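Peer 1: Could you look at this predicted model? Sequence included:
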2 protein chains.
Amino acid sequence: MDVRRRQEDRRTATRRALVAAARTLFAQKGYAATSTPEIVKAAGVTRGALYHHFADKQALFAAVVEEEHAVLALTIHQAAEGGEDEPGPVKALIRGGEGFLAAMQDEGRRRLLIVDAPAVLGRAAVDEIDARHGLRTLVEGVGTAIEAGAIKDLPPLPLAHLLSAMFDRASLAPADEINDYRKVMKALIRGLKK
Amino acid sequence: MDVRRRQEDRRTATRRALVAAARTLFAQKGYAATSTPEIVKAAGVTRGALYHHFADKQALFAAVVEEEHAVLALTIHQAAEGGEDEPGPVKALIRGGEGFLAAMQDEGRRRLLIVDAPAVLGRAAVDEIDARHGLRTLVEGVGTAIEAGAIKDLPPLPLAHLLSAMFDRASLAPADEINDYRKVMKALIRGLKK
DNA sequence: ATTGATAGATGCAGGATGTATGAAAGATGG
DNA sequence: CCATCTTTCATACATCCTGCATCTATCAAT
(Lines give C-alpha, C1' and ligand atoms only; values in the text may rest on other atoms or scores of the structure.)
Protein backbone atom coordinates (compact mmCIF):
# COMPACT_ATOMS: atom_id res chain seq x y z
CA MET A 1 0.00 0.00 0.00
CA ASP A 2 1.05 3.49 -0.65
CA VAL A 3 2.20 5.16 2.46
CA ARG A 4 0.09 8.23 1.75
CA ARG A 5 -2.99 6.07 1.71
CA ARG A 6 -4.77 7.66 4.64
CA GLN A 7 -4.74 11.14 3.27
CA GLU A 8 -5.88 9.91 -0.11
CA ASP A 9 -8.70 8.03 1.55
CA ARG A 10 -9.82 11.05 3.47
CA ARG A 11 -9.76 13.10 0.31
CA THR A 12 -11.83 10.75 -1.79
CA ALA A 13 -14.16 10.04 1.11
CA THR A 14 -15.30 13.63 1.48
CA ARG A 15 -15.35 14.05 -2.28
CA ARG A 16 -17.65 11.09 -2.61
CA ALA A 17 -19.83 12.28 0.24
CA LEU A 18 -20.19 15.65 -1.43
CA VAL A 19 -20.97 14.25 -4.85
CA ALA A 20 -23.45 11.76 -3.43
CA ALA A 21 -25.28 14.33 -1.34
CA ALA A 22 -25.28 16.77 -4.23
CA ARG A 23 -26.61 14.17 -6.64
CA THR A 24 -29.54 13.43 -4.32
CA LEU A 25 -30.47 17.06 -3.79
CA PHE A 26 -29.92 18.21 -7.37
CA ALA A 27 -32.05 15.31 -8.54
CA GLN A 28 -34.82 16.11 -6.09
CA LYS A 29 -35.02 19.87 -6.21
CA GLY A 30 -33.00 20.92 -9.21
CA TYR A 31 -29.74 22.83 -9.37
CA ALA A 32 -31.00 26.34 -8.70
CA ALA A 33 -33.17 25.40 -5.74
CA THR A 34 -30.36 23.51 -4.02
CA SER A 35 -28.02 25.55 -1.85
CA THR A 36 -24.49 24.66 -0.89
CA PRO A 37 -25.33 24.84 2.83
CA GLU A 38 -27.92 22.14 2.21
CA ILE A 39 -25.44 19.99 0.37
CA VAL A 40 -22.68 20.15 2.93
CA LYS A 41 -25.16 19.52 5.70
CA ALA A 42 -26.35 16.37 3.96
CA ALA A 43 -22.77 15.34 3.29
CA GLY A 44 -21.68 15.93 6.87
CA VAL A 45 -18.95 18.39 6.01
CA THR A 46 -18.64 22.15 5.84
CA ARG A 47 -18.66 24.59 2.99
CA GLY A 48 -14.95 24.99 3.42
CA ALA A 49 -14.44 21.39 2.34
CA LEU A 50 -16.67 21.89 -0.66
CA TYR A 51 -14.75 24.89 -1.90
CA HIS A 52 -11.50 23.13 -1.22
CA HIS A 53 -12.41 20.28 -3.55
CA PHE A 54 -14.46 22.12 -6.15
CA ALA A 55 -13.97 25.52 -7.70
CA ASP A 56 -17.61 26.43 -7.28
CA LYS A 57 -21.12 25.02 -7.12
CA GLN A 58 -21.13 24.54 -10.87
CA ALA A 59 -17.99 22.39 -10.77
CA LEU A 60 -19.64 20.15 -8.19
CA PHE A 61 -22.66 19.85 -10.44
CA ALA A 62 -20.38 18.94 -13.33
CA ALA A 63 -18.87 16.14 -11.26
CA VAL A 64 -22.35 14.85 -10.45
CA VAL A 65 -23.37 14.91 -14.11
CA GLU A 66 -20.17 13.21 -15.16
CA GLU A 67 -20.73 10.38 -12.71
CA GLU A 68 -24.39 10.04 -13.54
CA HIS A 69 -23.55 9.76 -17.21
CA ALA A 70 -21.04 7.05 -16.43
CA VAL A 71 -23.44 4.91 -14.39
CA LEU A 72 -26.12 5.47 -17.03
CA ALA A 73 -23.84 4.17 -19.74
CA LEU A 74 -22.95 1.22 -17.57
CA THR A 75 -26.58 0.44 -16.82
CA ILE A 76 -27.50 0.46 -20.48
CA HIS A 77 -24.50 -1.61 -21.41
CA GLN A 78 -25.34 -4.25 -18.82
CA ALA A 79 -28.96 -4.35 -19.92
CA ALA A 80 -27.86 -4.80 -23.51
CA GLU A 81 -25.76 -7.85 -22.59
CA GLY A 82 -28.71 -10.17 -22.18
CA GLY A 83 -30.03 -12.04 -25.21
CA GLU A 84 -28.30 -10.49 -28.15
CA ASP A 85 -28.70 -13.45 -30.43
CA GLU A 86 -28.12 -12.24 -33.96
CA PRO A 87 -29.84 -8.91 -33.57
CA GLY A 88 -28.83 -7.13 -36.73
CA PRO A 89 -27.68 -3.52 -36.66
CA VAL A 90 -31.12 -1.91 -36.91
CA LYS A 91 -32.56 -4.11 -34.21
CA ALA A 92 -29.54 -3.25 -32.09
CA LEU A 93 -30.31 0.42 -32.48
CA ILE A 94 -33.88 -0.11 -31.41
CA ARG A 95 -32.80 -2.22 -28.47
CA GLY A 96 -30.32 0.42 -27.43
CA GLY A 97 -33.10 2.96 -27.41
CA GLU A 98 -35.25 0.70 -25.29
CA GLY A 99 -32.42 0.32 -22.82
CA PHE A 100 -31.97 4.05 -22.67
CA LEU A 101 -35.65 4.62 -22.00
CA ALA A 102 -35.65 1.99 -19.28
CA ALA A 103 -32.64 3.53 -17.60
CA MET A 104 -34.22 6.96 -17.84
CA GLN A 105 -37.30 6.04 -15.87
CA ASP A 106 -35.72 7.77 -12.89
CA GLU A 107 -37.19 11.23 -12.51
CA GLY A 108 -34.14 12.68 -10.80
CA ARG A 109 -31.85 11.33 -13.47
CA ARG A 110 -33.93 12.99 -16.17
CA ARG A 111 -33.87 16.29 -14.36
CA LEU A 112 -30.14 16.03 -13.85
CA LEU A 113 -29.04 15.02 -17.32
CA ILE A 114 -31.67 16.38 -19.65
CA VAL A 115 -33.28 19.36 -17.99
CA ASP A 116 -30.65 21.00 -15.80
CA ALA A 117 -27.32 20.03 -17.29
CA PRO A 118 -27.61 21.99 -20.55
CA ALA A 119 -28.72 25.14 -18.76
CA VAL A 120 -26.11 24.95 -16.02
CA LEU A 121 -23.07 23.69 -17.92
CA GLY A 122 -23.94 24.90 -21.38
CA ARG A 123 -24.81 22.84 -24.39
CA ALA A 124 -21.20 22.53 -25.52
CA ALA A 125 -19.98 21.09 -22.22
CA VAL A 126 -22.85 18.63 -22.11
CA ASP A 127 -22.10 17.50 -25.65
CA GLU A 128 -18.49 16.99 -24.69
CA ILE A 129 -19.49 14.79 -21.76
CA ASP A 130 -22.07 12.92 -23.78
CA ALA A 131 -19.55 12.31 -26.54
CA ARG A 132 -17.48 10.28 -24.07
CA HIS A 133 -20.39 8.15 -22.88
CA GLY A 134 -23.79 7.45 -24.37
CA LEU A 135 -23.35 9.21 -27.66
CA ARG A 136 -20.15 7.37 -28.41
CA THR A 137 -21.83 3.96 -28.44
CA LEU A 138 -24.72 5.39 -30.41
CA VAL A 139 -22.34 6.70 -33.07
CA GLU A 140 -20.74 3.28 -33.25
CA GLY A 141 -24.17 1.69 -33.58
CA VAL A 142 -25.26 3.81 -36.52
CA GLY A 143 -21.77 3.48 -37.99
CA THR A 144 -21.94 -0.29 -38.14
CA ALA A 145 -25.50 -0.12 -39.41
CA ILE A 146 -24.38 2.11 -42.24
CA GLU A 147 -21.32 0.04 -43.05
CA ALA A 148 -23.42 -3.06 -43.07
CA GLY A 149 -25.63 -1.38 -45.64
CA ALA A 150 -28.63 -1.84 -43.37
CA ILE A 151 -29.64 1.82 -43.35
CA LYS A 152 -29.23 4.78 -45.62
CA ASP A 153 -25.81 6.32 -46.01
CA LEU A 154 -25.97 9.39 -43.80
CA PRO A 155 -23.40 11.30 -41.74
CA PRO A 156 -23.18 9.21 -38.55
CA LEU A 157 -22.57 11.91 -35.99
CA PRO A 158 -25.51 14.14 -36.88
CA LEU A 159 -27.72 11.10 -37.13
CA ALA A 160 -26.62 9.96 -33.71
CA HIS A 161 -27.25 13.39 -32.28
CA LEU A 162 -30.75 13.53 -33.68
CA LEU A 163 -31.57 10.04 -32.46
CA SER A 164 -30.19 10.97 -29.08
CA ALA A 165 -32.40 14.04 -28.98
CA MET A 166 -35.36 11.85 -29.81
CA PHE A 167 -34.54 9.42 -27.04
CA ASP A 168 -34.16 12.27 -24.60
CA ARG A 169 -37.57 13.66 -25.39
CA ALA A 170 -39.20 10.26 -25.38
CA SER A 171 -37.84 9.65 -21.91
CA LEU A 172 -39.58 12.81 -20.76
CA ALA A 173 -42.96 11.69 -22.05
CA PRO A 174 -45.80 11.05 -19.60
CA ALA A 175 -45.64 7.50 -18.33
CA ASP A 176 -48.96 6.49 -19.87
CA GLU A 177 -47.93 7.64 -23.34
CA ILE A 178 -44.53 6.08 -23.41
CA ASN A 179 -45.70 3.12 -25.41
CA ASP A 180 -46.86 5.38 -28.21
CA TYR A 181 -43.47 7.04 -28.17
CA ARG A 182 -41.77 3.68 -28.40
CA LYS A 183 -43.83 2.81 -31.40
CA VAL A 184 -43.02 6.05 -33.18
CA MET A 185 -39.34 5.69 -32.40
CA LYS A 186 -39.29 2.24 -33.89
CA ALA A 187 -41.02 3.51 -37.01
CA LEU A 188 -38.56 6.37 -37.39
CA ILE A 189 -35.58 4.07 -37.08
CA ARG A 190 -37.07 1.46 -39.38
CA GLY A 191 -37.66 4.24 -41.88
CA LEU A 192 -33.91 4.59 -42.14
CA LYS A 193 -33.62 1.20 -43.78
CA LYS A 194 -32.61 1.26 -47.36
CA MET B 1 -61.78 55.85 -26.50
CA ASP B 2 -62.07 54.31 -23.15
CA VAL B 3 -61.75 56.85 -20.42
CA ARG B 4 -59.34 54.67 -18.53
CA ARG B 5 -56.97 54.61 -21.45
CA ARG B 6 -54.12 56.47 -19.85
CA GLN B 7 -53.68 54.10 -16.97
CA GLU B 8 -53.92 51.09 -19.22
CA ASP B 9 -51.28 52.57 -21.47
CA ARG B 10 -48.93 53.24 -18.63
CA ARG B 11 -49.40 49.73 -17.42
CA THR B 12 -48.65 48.04 -20.70
CA ALA B 13 -45.79 50.43 -21.43
CA THR B 14 -43.79 49.43 -18.39
CA ARG B 15 -44.72 45.82 -18.88
CA ARG B 16 -43.41 45.93 -22.41
CA ALA B 17 -40.26 47.72 -21.35
CA LEU B 18 -39.62 45.08 -18.74
CA VAL B 19 -40.24 42.15 -21.05
CA ALA B 20 -38.12 43.69 -23.81
CA ALA B 21 -35.19 44.44 -21.54
CA ALA B 22 -35.45 41.02 -19.95
CA ARG B 23 -35.57 39.29 -23.32
CA THR B 24 -32.35 41.02 -24.38
CA LEU B 25 -30.46 40.19 -21.21
CA PHE B 26 -31.76 36.66 -20.80
CA ALA B 27 -30.84 35.97 -24.41
CA GLN B 28 -27.35 37.39 -23.98
CA LYS B 29 -26.30 36.08 -20.59
CA GLY B 30 -28.80 33.43 -19.68
CA TYR B 31 -31.40 33.40 -16.93
CA ALA B 32 -29.19 32.70 -13.93
CA ALA B 33 -26.54 35.25 -14.79
CA THR B 34 -29.06 38.04 -15.27
CA SER B 35 -30.07 39.95 -12.15
CA THR B 36 -33.29 41.87 -11.63
CA PRO B 37 -31.38 45.10 -10.89
CA GLU B 38 -29.82 44.78 -14.34
CA ILE B 39 -33.17 44.25 -15.98
CA VAL B 40 -34.93 47.18 -14.37
CA LYS B 41 -31.97 49.42 -15.09
CA ALA B 42 -32.13 48.50 -18.77
CA ALA B 43 -35.89 48.96 -18.77
CA GLY B 44 -35.69 52.33 -17.06
CA VAL B 45 -37.89 51.39 -14.12
CA THR B 46 -37.33 50.15 -10.59
CA ARG B 47 -37.58 46.76 -9.02
CA GLY B 48 -40.79 47.88 -7.39
CA ALA B 49 -42.43 48.05 -10.80
CA LEU B 50 -41.12 44.63 -11.71
CA TYR B 51 -42.53 42.98 -8.62
CA HIS B 52 -45.79 44.82 -9.08
CA HIS B 53 -46.31 43.34 -12.53
CA PHE B 54 -44.73 39.94 -12.06
CA ALA B 55 -44.83 37.58 -9.13
CA ASP B 56 -41.11 36.92 -9.34
CA LYS B 57 -38.17 36.71 -11.72
CA GLN B 58 -39.39 33.39 -13.01
CA ALA B 59 -42.77 34.83 -13.98
CA LEU B 60 -41.03 37.55 -15.97
CA PHE B 61 -38.99 34.91 -17.71
CA ALA B 62 -42.17 33.00 -18.51
CA ALA B 63 -43.62 36.12 -20.14
CA VAL B 64 -40.47 36.49 -22.23
CA VAL B 65 -40.60 32.87 -23.35
CA GLU B 66 -44.28 33.13 -24.15
CA GLU B 67 -43.72 36.14 -26.37
CA GLU B 68 -40.66 34.66 -28.03
CA HIS B 69 -42.60 31.53 -28.87
CA ALA B 70 -45.32 33.66 -30.41
CA VAL B 71 -43.00 35.65 -32.66
CA LEU B 72 -41.18 32.46 -33.58
CA ALA B 73 -44.41 30.85 -34.70
CA LEU B 74 -45.30 33.98 -36.65
CA THR B 75 -41.90 34.10 -38.33
CA ILE B 76 -42.15 30.51 -39.44
CA HIS B 77 -45.69 30.96 -40.63
CA GLN B 78 -44.77 33.98 -42.72
CA ALA B 79 -41.78 32.19 -44.21
CA ALA B 80 -44.00 29.25 -45.12
CA GLU B 81 -46.38 31.53 -47.02
CA GLY B 82 -44.09 32.02 -50.02
CA GLY B 83 -44.30 29.53 -52.85
CA GLU B 84 -46.48 26.77 -51.59
CA ASP B 85 -47.52 25.48 -54.98
CA GLU B 86 -48.89 22.01 -54.40
CA PRO B 87 -46.29 20.93 -51.90
CA GLY B 88 -47.78 17.72 -50.63
CA PRO B 89 -47.95 16.92 -46.93
CA VAL B 90 -44.48 15.41 -46.58
CA LYS B 91 -42.84 18.23 -48.45
CA ALA B 92 -44.76 20.62 -46.22
CA LEU B 93 -43.31 18.96 -43.15
CA ILE B 94 -39.81 19.26 -44.52
CA ARG B 95 -40.38 22.89 -45.43
CA GLY B 96 -41.72 23.61 -41.99
CA GLY B 97 -38.58 22.15 -40.52
CA GLU B 98 -36.44 24.31 -42.76
CA GLY B 99 -38.36 27.36 -41.61
CA PHE B 100 -37.85 26.42 -38.03
CA LEU B 101 -34.12 25.96 -38.48
CA ALA B 102 -33.86 29.29 -40.26
CA ALA B 103 -35.76 31.08 -37.52
CA MET B 104 -33.59 29.42 -34.91
CA GLN B 105 -30.34 30.82 -36.26
CA ASP B 106 -30.51 33.40 -33.49
CA GLU B 107 -28.23 32.38 -30.66
CA GLY B 108 -30.19 34.22 -27.99
CA ARG B 109 -33.42 32.65 -29.13
CA ARG B 110 -31.92 29.20 -28.87
CA ARG B 111 -30.66 29.87 -25.38
CA LEU B 112 -34.01 31.26 -24.34
CA LEU B 113 -36.31 28.60 -25.73
CA ILE B 114 -34.27 25.44 -25.82
CA VAL B 115 -31.57 25.70 -23.19
CA ASP B 116 -32.96 27.82 -20.36
CA ALA B 117 -36.72 27.48 -20.57
CA PRO B 118 -36.98 23.81 -19.60
CA ALA B 119 -34.67 24.25 -16.64
CA VAL B 120 -36.30 27.43 -15.36
CA LEU B 121 -39.97 26.74 -16.03
CA GLY B 122 -39.93 22.97 -16.00
CA ARG B 123 -40.55 20.63 -18.85
CA ALA B 124 -44.31 20.51 -18.27
CA ALA B 125 -44.75 24.29 -18.44
CA VAL B 126 -42.66 24.49 -21.59
CA ASP B 127 -44.71 21.75 -23.20
CA GLU B 128 -47.86 23.63 -22.34
CA ILE B 129 -46.56 26.78 -23.99
CA ASP B 130 -45.24 24.91 -26.99
CA ALA B 131 -48.55 23.11 -27.42
CA ARG B 132 -50.19 26.48 -28.06
CA HIS B 133 -47.63 27.58 -30.65
CA GLY B 134 -45.10 25.66 -32.71
CA LEU B 135 -46.10 22.18 -31.71
CA ARG B 136 -49.71 22.80 -32.59
CA THR B 137 -48.98 23.46 -36.25
CA LEU B 138 -46.60 20.53 -36.31
CA VAL B 139 -49.31 18.24 -34.97
CA GLU B 140 -51.64 19.52 -37.67
CA GLY B 141 -48.98 18.92 -40.27
CA VAL B 142 -48.38 15.31 -39.35
CA GLY B 143 -52.13 14.87 -38.90
CA THR B 144 -52.92 15.87 -42.46
CA ALA B 145 -50.00 13.82 -43.73
CA ILE B 146 -51.38 10.78 -41.97
CA GLU B 147 -54.94 11.39 -43.12
CA ALA B 148 -53.72 11.84 -46.66
CA GLY B 149 -52.10 8.45 -46.35
CA ALA B 150 -48.74 9.97 -47.19
CA ILE B 151 -46.95 8.63 -44.13
CA LYS B 152 -47.33 5.71 -41.80
CA ASP B 153 -50.25 5.66 -39.41
CA LEU B 154 -48.72 6.71 -36.11
CA PRO B 155 -49.98 8.61 -33.07
CA PRO B 156 -49.66 12.25 -34.19
CA LEU B 157 -48.79 13.91 -30.92
CA PRO B 158 -45.85 11.69 -29.98
CA LEU B 159 -44.59 11.89 -33.53
CA ALA B 160 -44.80 15.66 -33.44
CA HIS B 161 -42.98 15.74 -30.12
CA LEU B 162 -40.16 13.58 -31.39
CA LEU B 163 -39.80 15.58 -34.59
CA SER B 164 -39.83 18.75 -32.54
CA ALA B 165 -37.06 17.40 -30.33
CA MET B 166 -34.98 16.60 -33.39
CA PHE B 167 -35.50 20.05 -34.81
CA ASP B 168 -34.48 21.56 -31.51
CA ARG B 169 -31.26 19.63 -31.45
CA ALA B 170 -30.54 20.30 -35.10
CA SER B 171 -30.88 23.99 -34.45
CA LEU B 172 -28.17 23.71 -31.80
CA ALA B 173 -25.72 22.10 -34.18
CA PRO B 174 -22.48 23.89 -35.08
CA ALA B 175 -23.07 26.24 -37.99
CA ASP B 176 -20.77 24.35 -40.34
CA GLU B 177 -22.51 21.03 -39.74
CA ILE B 178 -26.04 22.24 -40.10
CA ASN B 179 -26.29 21.06 -43.67
CA ASP B 180 -25.56 17.52 -42.61
CA TYR B 181 -28.27 17.80 -40.01
CA ARG B 182 -30.68 19.06 -42.61
CA LYS B 183 -29.92 16.09 -44.80
CA VAL B 184 -30.48 13.63 -41.99
CA MET B 185 -33.73 15.30 -40.99
CA LYS B 186 -35.02 15.02 -44.52
CA ALA B 187 -34.09 11.36 -44.63
CA LEU B 188 -35.84 10.68 -41.32
CA ILE B 189 -39.01 12.36 -42.46
CA ARG B 190 -38.95 10.70 -45.85
CA GLY B 191 -38.52 7.41 -44.08
CA LEU B 192 -41.98 7.92 -42.63
CA LYS B 193 -43.55 7.52 -46.04
CA LYS B 194 -45.58 4.41 -46.54
C1' DA C 1 10.93 16.01 16.17
C1' DT C 2 10.53 19.68 13.00
C1' DT C 3 9.09 21.48 8.95
C1' DG C 4 6.18 21.77 5.05
C1' DA C 5 1.99 20.62 2.75
C1' DT C 6 -2.72 19.30 2.41
C1' DA C 7 -7.56 18.92 4.18
C1' DG C 8 -10.91 21.17 6.36
C1' DA C 9 -13.40 24.89 9.37
C1' DT C 10 -14.77 29.64 10.42
C1' DG C 11 -15.70 34.32 9.34
C1' DC C 12 -16.57 38.03 6.15
C1' DA C 13 -17.95 40.96 2.06
C1' DG C 14 -20.79 41.64 -1.77
C1' DG C 15 -24.83 40.94 -4.00
C1' DA C 16 -29.47 39.05 -5.11
C1' DT C 17 -34.26 37.97 -4.17
C1' DG C 18 -38.71 38.97 -2.44
C1' DT C 19 -41.64 41.71 0.62
C1' DA C 20 -43.41 45.43 3.23
C1' DT C 21 -44.18 50.07 3.51
C1' DG C 22 -44.85 54.60 1.60
C1' DA C 23 -45.83 58.05 -2.05
C1' DA C 24 -47.78 59.65 -6.45
C1' DA C 25 -50.79 59.41 -10.28
C1' DG C 26 -55.13 58.26 -12.03
C1' DA C 27 -60.07 56.84 -11.62
C1' DT C 28 -64.69 57.37 -9.27
C1' DG C 29 -68.74 59.38 -7.10
C1' DG C 30 -71.31 63.12 -5.38
C1' DC D 1 -64.58 70.42 -8.09
C1' DC D 2 -63.40 67.94 -4.21
C1' DA D 3 -62.72 63.91 -1.54
C1' DT D 4 -61.77 59.20 -1.64
C1' DC D 5 -60.37 54.98 -3.35
C1' DT D 6 -57.58 52.21 -6.36
C1' DT D 7 -53.70 51.28 -9.10
C1' DT D 8 -48.96 52.02 -10.26
C1' DC D 9 -44.57 52.55 -8.85
C1' DA D 10 -40.40 53.77 -5.60
C1' DT D 11 -37.71 52.94 -1.37
C1' DA D 12 -36.15 50.40 2.50
C1' DC D 13 -35.49 46.14 4.80
C1' DA D 14 -34.73 41.21 6.11
C1' DT D 15 -32.93 37.02 4.58
C1' DC D 16 -30.18 34.14 2.12
C1' DC D 17 -26.48 32.56 -0.86
C1' DT D 18 -22.06 32.51 -3.06
C1' DG D 19 -17.16 32.75 -3.14
C1' DC D 20 -12.95 34.02 -0.85
C1' DA D 21 -9.68 34.80 2.75
C1' DT D 22 -7.95 33.42 6.91
C1' DC D 23 -7.02 30.22 10.41
C1' DT D 24 -6.51 25.46 12.45
C1' DA D 25 -5.56 20.60 12.41
C1' DT D 26 -3.99 16.57 10.38
C1' DC D 27 -0.66 14.14 7.76
C1' DA D 28 3.79 13.16 5.22
C1' DA D 29 8.86 13.52 4.87
C1' DT D 30 13.43 14.07 6.35
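Peer 2: Right, received. Where do you want to start?

Peer 1: Now do the residue in chain A that chain B sits nearest to: how many residues are near it, please.
Peer 2: Proximity of chain A to chain B (Cβ to the nearest Cβ) peaks at A:Gly191, 2.3 Å away. To be clear about C-beta, it is placed using only N, CA and C from the backbone, and glycine gets the same treatment. Neighbours of A:Gly191 under the rule other Cβ atoms under 10 Å in any protein chain shown: 18.

Peer 1: Who are the contact partners of it?
Peer 2: Counting by Cβ atoms under 8 Å, 6 or more residues apart in numbering or on different chains, A:Gly191 makes contact with B:Lys152, B:Leu188, B:Arg190, B:Gly191, B:Leu192, B:Lys193.

Peer 1: Relative to A:Lys193, how far out is the third one?
Peer 2: From B:Arg190 over to A:Lys193 the distance is 12 Å, taken as Cβ to Cβ, to the nearest Å.

Peer 1: what ranges do the strands span in chain A?
Peer 2: Taking DSSP state E to define them, one finds no strands in chain A.

Peer 1: Got the domain ranges for it?
Peer 2: Domain assignment of chain A by automatic domain parsing yields the ranges A:1-54, A:57-190.

Peer 1: Adding mean neighbour count, mean pLDDT and distance to B:Arg109, write those out as a markdown table.
Peer 2: Below are the domains of chain A laid out as a markdown table (neighbours: other Cβ atoms under 10 Å in any protein chain shown; pLDDT from 0 to 100; distance: least, Cβ to Cβ, whole Å):
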| stretch | mean neighbour count | mean pLDDT | distance to B:Arg109 |
| --- | --- | --- | --- |
| domain A:1-54 | 16 | 91 | 22 |
| domain A:57-190 | 18 | 94 | 14 |
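
Peer 1: From DNA strand D, how far out is the spatially most central residue of chain A?
Peer 2: Closest residue to the average C-alpha location of chain A: A:His69 at 3.4 Å, with Cα atoms, centre = their mean. According to Cβ to the nearest atom of the strand, to the nearest Å, A:His69 and DNA strand D sit 22 Å apart.

Peer 1: Which residue lies closest in space to that residue, excluding its sequence neighbours?
Peer 2: On the basis of Cβ to Cβ, 6 or more residues apart in numbering or on different chains, the spatially nearest residue to A:His69 that is not a chain neighbour turns out to be A:His133, at 4.5 Å.
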